[in-house]
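>>> Provide a 3D model corresponding to the input given below.
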Amino acid sequence: EISGADAIHPGYGFLSENYEFVKILEKHKIKFIGPSSELIKKMGDKIEAKKIAKELGLPTIQGSDTGISKLEDAIKISNIIGYPVLIKAAGGGGGKGMRIVEKEESLMESLQIAKTEAKKFFGNDEVFIEKYFKKPRHIEVQILSDGKNNTVHLGERDCTIQRRHQKVIEEAPSSVINTQQRNELLTTCVKSIS
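Residues are numbered from 1 along each chain as shown. The predicted model follows:
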């Protein structure tokens, strides 16, 4: 308001994912170059984001569809999908509130630690469980949309090289997928926003 700016591009990092920041901008009629506060809030909740992805017909990792608070529920879903499993904070990222569980005997302690970390780092102790893959590829697609069904992708990048679940190197294009896989991945991502 002081500078007279009518739009803000947040760059990357915390402000680009902070729905409360975007709500303030919306309230003051300052254009946020990015998603709406409502969409950021939905996508910031990993359980809600996974639900939306399923509704759009996108592939998701097998796991719980809701938050897990009871050990009995954690045991049940873990036995269904098979060990190892990954307990993840619903409201966070960056490796915080995540625990790999190889066997049922470790489930109770890991669930408690993940919930405690999630509360500490994100103010929300909700966690969920997914199948854990020991050697996955982490491939991301950046998309741009004007909100009027004009959506494009900027290609994919391989973010597999990580340290403590934090990306260290992003390689573009990915050297591990073929042309058919690339086309299917990029088309699916664009369709999910259109």
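>>> skip the chain neighbours and tell me the closest residue to the residue nearest in space to the middle of the chain.
With distances taken as Cα atoms, centre = their mean, residue 46 lies nearest the centre of the chain, 5.5 Å away. Nearest non-adjacent residue to residue 46, counting by Cβ to Cβ, 6 or more residues apart in numbering: residue 90, 5.0 Å away. Any C-beta I mention is one placed from the backbone N, CA and C, and that applies to glycine too.
>>> ok, the one you found - contacts?
45, 46, 47, 67, 118, 124, 126, 127, 128 (Cβ atoms under 8 Å, 6 or more residues apart in numbering).
>>> select from the residues you listed every entry located in strands.
127, 128 (DSSP state E).
>>> quick check, nearest of the contacts of residue 90 to residue 80?
When the contacts of residue 90 are compared for distance to residue 80 (Cβ to Cβ), residue 128 wins out at 13.5 Å.
>>> how close does that closest one sit to residue 118?
Distance of residue 128 to residue 118, computed by Cβ to Cβ, to the nearest Å: 10 Å.
>>> check residue 40 too.
Taking Cβ to Cβ, one finds residue 40 at 19 Å from residue 118.
>>> so the two - more neighbours on which side?
Ranked by neighbour count (other Cβ atoms under 10 Å), residue 40 and residue 118 place residue 118 first, with 23 against 19.
>>> got the phi/psi numbers for residue 169?
Note on residue 169: its backbone torsions stand at phi -130, psi 140 [degrees, to the nearest 10].
>>> give me the number of residues near it?
11.
>>> and the closest residue to it other than its chain neighbours, how many residues sit next to it?
The spatial neighbour of residue 169 that comes closest, neighbours along the chain excluded (Cβ to Cβ, 6+ apart), is residue 161 at 4.2 Å. Applying other Cβ under 10 Å, we find 11 residues neighbouring residue 161.
>>> so what's residue 161 up against?
By Cβ under 8 Å, 6+ apart, the neighbours of residue 161 are 167, 168, 169, 171.
>>> then residue 144?
Going by Cβ under 8 Å, 6+ apart, residue 144 touches 151, 152, 153, 154.
>>> ok so residue 116 is a helix residue?
Yes - under DSSP: H, G, I helix; E, B strand; the rest coil, residue 116 falls within a helix.
>>> how far does stretch 127-142 stretch from one end to the other?
26 Å (Cα to Cα, to the nearest Å).
>>> what residues of it count as buried?
Within stretch 127-142, the residues that count as buried by 16 or more other Cβ atoms under 10 Å are 127, 128, 129, 130, 131, 132, 139, 141.
>>> great, nothing more from me.
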